[in-house]
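Pasting the sequence and the predicted model now:
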Amino acid sequence: MLIDYLPILLLLVFAIGFAAINLALSHLLGPKKPTPSKLSVYESGVQPVGNARQRFTIRFDLIAMLFIIFDIEVVFLYPWAIVFKKFSESSGYFILIEMLVFIGILFLGYIYAWKKGGLTWD
């Protein structure tokens, strides 16, 4: 029974070995001449301004969470759209009504977030 897990073990050993070999080779073969410009902080080609430990408002996290919630909607819509024709022939349009209820609930959540000011950026 343990022989069934051999491919997984081999894949795990190969992945860890590949990562370790690449890290060791880049450490051994990489250039080692640090200069002040190479040691400076690089942030999208722009010199950073201010302290890196400044606090962000909770609004930043709210916008990120709302984006993730409404982005997950697309993850559920895609497989549903693929099988819609197949299931609509056998079960009527029950599958369409289920998806409309799902989209309606998400739309109500969107309206609620909008009314509460969760989508405004100060």
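Yes, it's here.

Please name the residues that touch Leu96.
The neighbours of Leu96, taking C-beta atoms under 8 Å, 6 or more residues apart in numbering as the test, are 84, 88. (Glycine included, C-beta is placed from N, CA and C.)

got a pLDDT number for it?
Here, the pLDDT recorded for Leu96 equals 85.

roughly how far apart are it and Phe70?
Distance of Leu96 to Phe70, computed by C-beta to C-beta, to the nearest Å: 21 Å.

Now for Asn22, how many residues are close by?
Neighbour count for Asn22, taken as other C-beta atoms under 10 Å: 10.

what mean pLDDT does the helix ranked longest in the chain have?
Criterion DSSP state H: the longest helix present in the chain is helix 58-91. When pLDDT is averaged along helix 58-91, the result is 82.

And it, what's buried?
Counting neighbours by 16 or more other C-beta atoms under 10 Å, one finds that the buried residues in helix 58-91 are 66, 73.

How far off centre is the next helix or strand after that helix?
Next along the chain after helix 58-91, taking DSSP states H and E as the criterion, comes helix 94-115. The chain centroid and the centroid of helix 94-115 are separated by 22 Å, computed with C-alpha atoms, centre = their mean, to the nearest Å.

then helix 94-115 to PDB, C-alphas only?
Provided in PDB are the C-alpha atoms of helix 94-115 (Å, rounded to 0.1, in the frame of the first residue of the first chain):
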ATOM      1  CA  PHE A  94     -33.100  25.400 -12.100                       C
ATOM      2  CA  ILE A  95     -29.400  25.900 -12.500                       C
ATOM      3  CA  LEU A  96     -30.000  29.300 -14.000                       C
ATOM      4  CA  ILE A  97     -32.200  30.300 -11.100                       C
ATOM      5  CA  GLU A  98     -29.500  29.200  -8.600                       C
ATOM      6  CA  MET A  99     -26.900  31.300 -10.300                       C
ATOM      7  CA  LEU A 100     -29.200  34.300 -10.500                       C
ATOM      8  CA  VAL A 101     -29.800  34.000  -6.700                       C
ATOM      9  CA  PHE A 102     -26.000  33.700  -6.200                       C
ATOM     10  CA  ILE A 103     -25.300  36.800  -8.300                       C
ATOM     11  CA  GLY A 104     -28.200  38.600  -6.500                       C
ATOM     12  CA  ILE A 105     -26.700  37.900  -3.100                       C
ATOM     13  CA  LEU A 106     -23.300  39.200  -4.300                       C
ATOM     14  CA  PHE A 107     -25.000  42.300  -5.800                       C
ATOM     15  CA  LEU A 108     -26.700  43.000  -2.500                       C
ATOM     16  CA  GLY A 109     -23.300  42.700  -0.800                       C
ATOM     17  CA  TYR A 110     -21.900  45.100  -3.300                       C
ATOM     18  CA  ILE A 111     -24.600  47.600  -2.700                       C
ATOM     19  CA  TYR A 112     -24.200  47.300   1.100                       C
ATOM     20  CA  ALA A 113     -20.400  47.900   0.800                       C
ATOM     21  CA  TRP A 114     -21.100  50.800  -1.500                       C
ATOM     22  CA  LYS A 115     -23.600  52.400   0.900                       C
END
